[in-house]
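okay, predicted coordinates and the sequence, questions at the end:
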Amino acid sequence: MKLASPHQTPGAWPVYGHTWASEYLQRALQPGGDAPHSARLSHAYLFLGPPQVGKTTFARAFATALLCSSPVAPCHTCRHCQLMARDAHPDFRLLQPMAKVDKEFVVDRQKGELRVEMAEQLIRDAALRPLEGARKVFLIQDMHLANLGFANKLLKTLEEPPPHVILLVTARHRADVLPTIVSRCQVIELRPLDQHVVRDALQQGWQAEPGEADLLARLAAGRLGWAVDQLRHPERRAERERHLATLWRLMAADRLERLHFAGELAGQRDNQQIFSLLEVWTGWWRDLLLTQAGADEACSNVDMLPRLAEHARCLETRTVQNYLATLKRIEGFLRHTVNVRLALDVLVLRLPAVRT
Ligand SMILES: [Zn+2]
């Protein structure tokens, strides 16, 4: 993640938001630590939070602070901080889910796995002394994608960690991680950021235009990583417009056309498209409720207020609430069921009709 200048101050973490968590861990880094509410360093941390909320960026900042040689860590100037900034510190390892593509393993955070061989390598690495400093830090990304073999090996390391080793683990939900692993880690839950934090970060750290920063911050639901991704890949922003155009078309369409669309969507290999559509649609229906309540300044789709107002006039609040509940139920279904087609049929058939 690109650094903004205030982040270069000694002791400042190169992250936006999550202040309580960085302050808490900063206290654990202080030697002695006999101040009230002081924390002590643990040998393992589990960072939980929704996708793209900044778990890896945060954990990496903590790793820099752990490896930094200055009393005010991270100092951003010592050899360790500079090696971390260049992603070249020999005592830091990042483990990411991998998938096999053409006989080679590549990082894949959607369909990849943390595999047992990776945990075996970690155990071998962890047994060796650090090369540069006093500690070795391992960052394990996406523990919810670990296979059982990986999880069991990791558990052994957590039971008897070499004294110089600190393990940082990220995952989406507590329930996705073996309870025996959770209980051996200090758990840090990162919550979605406030809208203004995302907006300011986009402007300061990524030089976004004010209007663009505002729109992305509204759509991001507190996930700075998502907003940055959208900023860097303008083509992905067309996805929202496409999903909304589909929504409007289907609201005016008959049963047959709706079912045809559900069939096409269900036939796609990548479920990610379905979840992306659900997210965009849910945002729209939430905005309709806000518009009906006269709170359009809180809407996410601020660039489409006239269309929102038009829909809000045509629909009863109860209808909007019901469809929002349907969207939520369908998302739950899709996470736990194999019958994607049935869920998508419900999604399109329950969609209220609006002819504009
Ligand atoms: Zn340093």
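Yep, it's here.

going forward, measure contacts between C-alpha atoms and count neighbours the same way
Fine.

which residues of the stretch 151-300 of the chain fall in strands?
Listed in chain order, the strands found in the stretch 151-300 of the chain under DSSP state E, counting those that start in this stretch are 165-171, 186-189.

out of the ones you listed, which is the most enclosed?
For those, average neighbour numbers computed from mean count of other Cα atoms under 10 Å are highest in strand 165-171, which has a mean of 23.

which helices and strands does that one pack with?
Under the contact definition 3 or more Cα pairs under 8 Å, 6 or more residues apart in numbering; DSSP states H and E, strand 165-171 sits against strand 44-48, helix 55-67, strand 136-140.

can you give the strand pairings for it, parallel or anti for each?
strand 44-48 (parallel), strand 136-140 (parallel) (DSSP bridges).

now the strands of the stretch 151-300 of the chain in a markdown table, with distance to residue 297 and mean pLDDT?
Rendered in a markdown table, the data for these read as follows (distance: least, Cα to Cα, whole Å; pLDDT from 0 to 100):
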| stretch | distance to residue 297 | mean pLDDT |
| --- | --- | --- |
| strand 165-171 | 33 | 96 |
| strand 186-189 | 29 | 96 |
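
please name the bridge partners of the closest residue to the ion within the stretch 151-300 of the chain.
Ranking the residues of the stretch 151-300 of the chain by distance to the ion (Cα to the ion) places residue 166 first, at 17.3 Å. In this structure, residue 166 has beta-bridge partners residue 137, where bridges are defined by DSSP bridges.

would you confirm that it contacts residue 137?
Yes - the pair residue 166 and residue 137 passes the contact test of Cα atoms under 8 Å, sitting 5.0 Å apart.

on that earlier part again, rebuild the helices and strands packed on strand 165-171 as a markdown table, extending it with mean pLDDT.
Conversion of those to a markdown table gives the following (pLDDT from 0 to 100):
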| stretch | mean pLDDT |
| --- | --- |
| strand 44-48 | 97 |
| helix 55-67 | 96 |
| strand 136-140 | 97 |
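
minimum distance to residue 175: which of these has it?
strand 44-48 (10.3 Å; Cα to Cα).

hmm, who's touching the closest one?
Outside of strand 44-48, the residues that reach it under the criterion Cα atoms under 8 Å, 6 or more residues apart in numbering are 55, 59, 158, 166-174, 182, 184-190.

out of the strands paired with strand 165-171, nearest to residue 319?
strand 44-48 (34.9 Å).

and the closest one, which residues are buried?
For strand 44-48, burial by neighbour count (16 or more other Cα atoms under 10 Å) applies to 44-48.

over to stretch 137-150?
Neighbour-count burial for stretch 137-150, counted by 16+ other Cα under 10 Å, picks out 137-146, 149-150.

got the domain ranges for the chain?
With automatic domain parsing as the criterion, the domains of the chain are listed as 5-189, 195-224, 233-349.

deepest-packed of the ones you listed, please.
domain 195-224 (a mean of 20).

end-to-end on that domain?
Using Cα to Cα, to the nearest Å, the gap from the first to the last residue of domain 195-224 comes to 9 Å.

do the same with stretch 12-24
Stretch 12-24 has its terminal residues 13 Å apart, counting by Cα to Cα.

that one and the ion, are they touching?
No - with Cα under 5 Å from the ion as the threshold, stretch 12-24 lies outside contact range of the ion, at a closest distance of 10.9 Å.

any idea how far apart the tips of stretch 70-90 sit?
End-to-end distance (Cα to Cα), stretch 70-90: 18 Å.

how about it, does it reach the ion?
Yes - with Cα under 5 Å from the ion as the criterion, the ion is reached by stretch 70-90 at 74-76, 78, 81.

the residue of the stretch 101-250 of the chain found nearest the ion sits in which helix or strand?
In the stretch 101-250 of the chain, no residue comes nearer to the ion than residue 133, which is 11.3 Å away by Cα to the ion. Assessed by DSSP states H and E, residue 133 sits outside every helix and strand.

against residue 81, how distant is it?
12 Å.

okay, and the common contacts of the two?
residue 67.

what parts of the protein come near the ion?
Among all residues of the chain, those adjacent to the ion (criterion: Cα under 5 Å from the ion) are 68, 74-76, 78, 81.

go again with 6 Å.
Taking Cα under 6 Å from the ion as the criterion, the chain approaches the ion at residues 68-70, 73-78, 80-81.

can you redo the residues you listed as a markdown table with pLDDT?
Putting the residues of the chain next to the ion into a markdown table (pLDDT from 0 to 100) gives the following:
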| residue | pLDDT |
| --- | --- |
| 68 | 95 |
| 69 | 92 |
| 70 | 91 |
| 73 | 88 |
| 74 | 93 |
| 75 | 94 |
| 76 | 94 |
| 77 | 94 |
| 78 | 95 |
| 80 | 96 |
| 81 | 95 |
